[in-house]
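Student: here you go, sequence then predicted model.
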Amino acid sequence: MSLAASYFRGASHGAVVAAVSACNGLGLTAEQSWAFWRAELSPFVESPFVCDNGERATMCLDRTIPVKVSGTAREAALIRRALAALQADLAPLRGLRVGVGLATSARHPPAPAVVARELDRVLGAAPALQLLPLGPAAFGRAVAEAASALAGGTLDAALVGAVDTAYDVERVAALLEEGRLFDGEHPEAPIHGEGAAFLLLLRPDVATRLRSPALATLEGAVLDEEALPADAPVDGAGLTRALRAHTAVLKKARAPLEWILADVNNEERRTREWVLALPRALAPGGLSTAGKDYVEVASPRLRTDFLPVCFGDLGAAAIPTALVVAVTAAQHGDPAARNVLAVGSDARARRGAVLLSLPFRKENG
């Protein structure tokens, strides 16, 4: 199978990340999300949902949202809080051609009218909105399409983000039926989180005109899709393609990959796929060319972090939250990394990955 959607900056000026925001069970802002992640805080709590064994399901929740708010209403609250942090950055965009891409759960996407209402609060007029209900990998496609529109000159700015939550009676029932809700007895079941995260992408000329900061440069984004039955053996092929699409670009540029943030949780299938795919994607090559094509793409200081350890399984919001953490970390120089890859996958068919290059700052400490 080929990549379903892809964008690579190449020799073009690409798109710059001018602002980021996040709201989740760990932090209510981008700064909090990074700081509490760096401090390795554990925000997991018992939810009101009772599992089949009588135990309450463990989740990572935004506890400032009332417990009675669930489902789409809860997603609207998460979007509202994440967008509130971007009001000052979005205000200068009025009158420009702005597009919005929002990645969501494949099963339970929010109604477009709900999202449009929240966008109208901060932009003054609802821009062109594209919902991508493709699950954890959807953000890869959202970024690829937005970046292509920016590079083609059809958009001046793009607000790309994602929202997801498992805090809903219907969603919890589906997870229980699948055995994918942590009940304290089954360690392979994921702990679900919730969150919304956004990146504001600008064309470089627009960023210069608005005097917006260039927090990062978008280097590439991909979404890989392959139709796999639930009982198919794990071979890691789809994830390998998504990762290799980026490592091939880095090899060509002789640029090291220094940081990977992924949404790998404690499900055996996901872990097995990651173990198979990562070595293939990072392999230096050269075996068939007597070393001519040998390029070490993995930095000696390559760092790998799994977001569910601190945020829970964020679903569609995993990749943008990872990028928000990376961009905010770069502003503090901790860790000091230039090339950062964020990866998200669902249980079966889709894998997404987004590559950013960050301004280098001397590492703290």
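Tutor: Cool, the structure landed. Numbering: from 1, shown residues only.
Student: pLDDT on stretch 133-146, on average?
Tutor: Stretch 133-146 carries an average pLDDT of 94.
Student: what about residue 240, which SS state?
Tutor: Three-state assignment for residue 240 (DSSP: H, G, I helix; E, B strand; the rest coil): helix.
Student: residues near it, how many?
Tutor: For residue 240, the count of nearby residues is 21 (other CB atoms under 10 Å). C-betas here are computed from N, CA, C, even on glycine.
Student: wait, doesn't it sit right on residue 280?
Tutor: Yes: with contact defined as CB atoms under 8 Å, residue 240 counts as touching residue 280 (4.7 Å).
Student: wait, is residue 160 part of a strand?
Tutor: Yes: under three-state DSSP, residue 160 sits within a strand.
Student: can you map out the helices along the stretch 151-300 of the chain?
Tutor: 169-178, 204-210, 237-252, 268-282 (DSSP state H, counting those that start in this stretch).
Student: and residue 152, which of those is closest to it?
Tutor: Taking CB to CB as the criterion, residue 152 comes closest to helix 204-210 out of those, the separation being 13.6 Å.
Student: buried residues, that closest one. List them.
Tutor: By neighbour count on 16 or more other CB atoms under 10 Å, the buried set for helix 204-210 is 204, 206-207, 210.
Student: centre of the chain to it, how far?
Tutor: In terms of CA atoms, centre = their mean, to the nearest Å, the centre of helix 204-210 is set 25 Å apart from its chain centre.
Student: what does that helix contact?
Tutor: Residues from elsewhere that reach helix 204-210 (CB atoms under 8 Å, 6 or more residues apart in numbering): 13-16, 18, 92-93, 96, 156-157, 202, 212-214.
Student: could you give me the ChimeraX syntax to select whichever of those residues are buried?
Tutor: Here is the ChimeraX command that selects only those of the contacts of helix 204-210 that count as buried (16+ other CB under 10 Å):
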select :14,15,16,18,93,156,157,202,212
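Student: closest to residue 186 out of the contacts of helix 204-210?
Tutor: Out of these, the member with the shortest distance to residue 186 (by CB to CB) is residue 15, at 42.1 Å.
Student: may I ask which helix or strand of the chain has the lowest mean pLDDT?
Tutor: Least confident helix or strand, the chain: strand 3-8 with a mean of 79, by mean pLDDT, DSSP states H and E.
Student: who are the packing partners of the helix or strand following that strand?
Tutor: Using DSSP states H and E, the helix or strand that follows strand 3-8 in sequence is strand 15-24. If you count contacts as 3 or more CB pairs under 8 Å, 6 or more residues apart in numbering; DSSP states H and E, strand 15-24 packs onto helix 30-38, helix 71-84, helix 138-151, strand 194-202, helix 204-210, strand 216-225, helix 318-332.
Student: chain center to strand 15-24, what's the gap?
Tutor: 11 Å.
Student: number the residues from 35 up from this point.
Tutor: From this message on, residue numbering opens at 35, which makes the last subject strand 49-58.
Student: now that strand against strand 250-259, angle please.
Tutor: With axes from the mean of the first three to the mean of the last three CA atoms, to 10 degrees applied, the angle from strand 49-58 to strand 250-259 works out at 70 degrees.
Student: tell me the strands beside strand 49-58, with direction?
Tutor: Using DSSP bridges, the strands paired with strand 49-58 are strand 228-236 (antiparallel), strand 250-259 (antiparallel).
Student: highest mean neighbour count out of those?
Tutor: Most buried of those by mean neighbour count (mean count of other CB atoms under 10 Å) is strand 228-236; its value is a mean of 29.
Student: what is the orientation angle of that one with helix 105-118?
Tutor: Inter-element angle recorded for strand 228-236 and helix 105-118: 40 degrees (by the same axes, to 10 degrees).
Student: pull the CA atoms of strand 228-236 into CSV?
Tutor: Presented in CSV, the C-alpha positions along strand 228-236 are these (Å, rounded to 0.1, in the frame of the first residue of the first chain):
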residue,chain,number,x,y,z
GLU,A,228,-8.6,13.3,26.7
GLY,A,229,-7.4,16.5,25.1
ALA,A,230,-7.4,19.1,22.4
ALA,A,231,-4.3,20.6,20.8
PHE,A,232,-3.7,23.0,18.0
LEU,A,233,-0.8,24.3,15.8
LEU,A,234,-1.0,27.5,13.9
LEU,A,235,0.8,27.2,10.6
LEU,A,236,1.7,30.2,8.5
